[in-house]
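K.L.:
Could you work out the structure for the sequence below:
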Amino acid sequence: MIRARLLFTKNSGSDIEIFLIEPSDPVSYEETFASVRNVEWKCIIGNLKKWKKGSLSMSFKLNEKEYELTALRGDTSGDAWRVRFGWRPSDISFGEVLGCAGHIPLPPYLNRKDEETDYIRYQTVFGKINGSVAAPTAGLHFTQKVFTDILNKGIRTNEITLHVGAGTFKPVRSNDIRDHVMPLRTLFCKP
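P.N.:
Numbering: from 1, shown residues only. Just a heads-up that it's a prediction; the model follows:
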């Protein structure tokens with residue numbers, strides 16, 4: 001899981017939360033995390049009515065060096081917005097930017113700010129490829145011991161990568177579950 005929440009405070013004091021959903025430029029997760037240039041993501045924006053125009057910025061530090069991250073809202077993309085991110089100096093990757101400036105998306109029912117331990121607590125033992133913007137909670141009960149015991153019993157396994165999206169936070173509002181639309185995310189199988 002990535003630190004997919006970026007929290008900005010406008011000069012007026014209004015807080016704006018940008019929740020990264022998936023990369024749109026570059027489209028590849030690997031390329032966008034490695035990029036040292038502007039990147040664009042599809043995002044959900046919290047407190048959108050307070051961000052009428054212009055860019056947002058925040059400062060953060062990495063290895064005692066000061067950086068500035070900017071966000072510029074673009075057009076809508078379905079039920080999300082395109083947001084272009086840039087940072088200065090541009091001597092670090094976007095993955096490093098998120099590692100310093102981003103926050104862990106917690107389930108809303110926890111009703112608290114994220115803590116550093118959440119980065120470990122909400123990762124699965126088999127998570128390897130960055131891209132999930134929410135914890136795959138169905139896999140959190142697996143410990144390394146449980147996984148090792150499964151393998152020691154001769155049970156065959158296969159690796160998959162599932163990037164859980166923000167749809168996991170979407171409440172069911174329809175009376176018939178078949179009417180509840182869940183956005184699908186990338187699923188990769190390793191033969």
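K.L.:
any idea of the mean pLDDT for stretch 178-191?
P.N.:
For stretch 178-191, the mean per-residue pLDDT is 58.
K.L.:
in the lengthiest strand in the chain, what counts as buried?
P.N.:
With DSSP state E applied, the strand covering the greatest number of residues in the chain is identified as strand 65-77. Buried residues in strand 65-77, counting neighbours by 16 or more other CB atoms under 10 Å, are found at 67, 69, 71-73, 77. (Glycine included, C-beta is placed from N, CA and C.)
K.L.:
That strand pairs with which strands?
P.N.:
Strand pairing for strand 65-77, using DSSP bridges, gives strand 55-62 (antiparallel), strand 80-88 (antiparallel).
K.L.:
closest one to residue 4 among those strands?
P.N.:
Each of the strands paired with strand 65-77 was scored for nearness to residue 4 using CB to CB, and the closest is strand 80-88 (12.0 Å).
K.L.:
How far does the closest one sit from its chain's centre?
P.N.:
13 Å (CA atoms, centre = their mean, to the nearest Å).
K.L.:
Contacts for it, please.
P.N.:
For strand 80-88, the external contacting residues (CB atoms under 8 Å, 6 or more residues apart in numbering) are 18, 21, 24, 37-45, 48, 67-76, 94, 97.
K.L.:
tell me the mean pLDDT over that strand?
P.N.:
Across strand 80-88, pLDDT averages out at 96.
K.L.:
Going by contacts, tell me the helices and strands next to the helix or strand following that strand.
P.N.:
Moving toward the C-terminus from strand 80-88, the next helix or strand (DSSP states H and E) is helix 94-101. Contacts defined by 3 or more CB pairs under 8 Å, 6 or more residues apart in numbering; DSSP states H and E place helix 94-101 against helix 29-34, strand 55-62, strand 65-77, strand 80-88.
K.L.:
would you list the ones you listed in JSON lines and tack on distance to residue 143?
P.N.:
Formatted as JSON lines, the helices and strands packed on helix 94-101 follow (distance: least, CB to CB, whole Å):
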{"stretch": "helix 29-34", "distance to residue 143": "26"}
{"stretch": "strand 55-62", "distance to residue 143": "32"}
{"stretch": "strand 65-77", "distance to residue 143": "35"}
{"stretch": "strand 80-88", "distance to residue 143": "35"}
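K.L.:
For residue 174, which of those is the nearest?
P.N.:
Residue 174 lies closest, by CB to CB, to one member of these: strand 80-88, at 20.5 Å.
K.L.:
Show me which positions of that closest one end up buried.
P.N.:
Buried residues in strand 80-88, counted by 16+ other CB under 10 Å: 80-87.
K.L.:
Same check on stretch 89-108?
P.N.:
Under the neighbour-count criterion of 16+ other CB under 10 Å, stretch 89-108 has 92-99, 101-106 buried.
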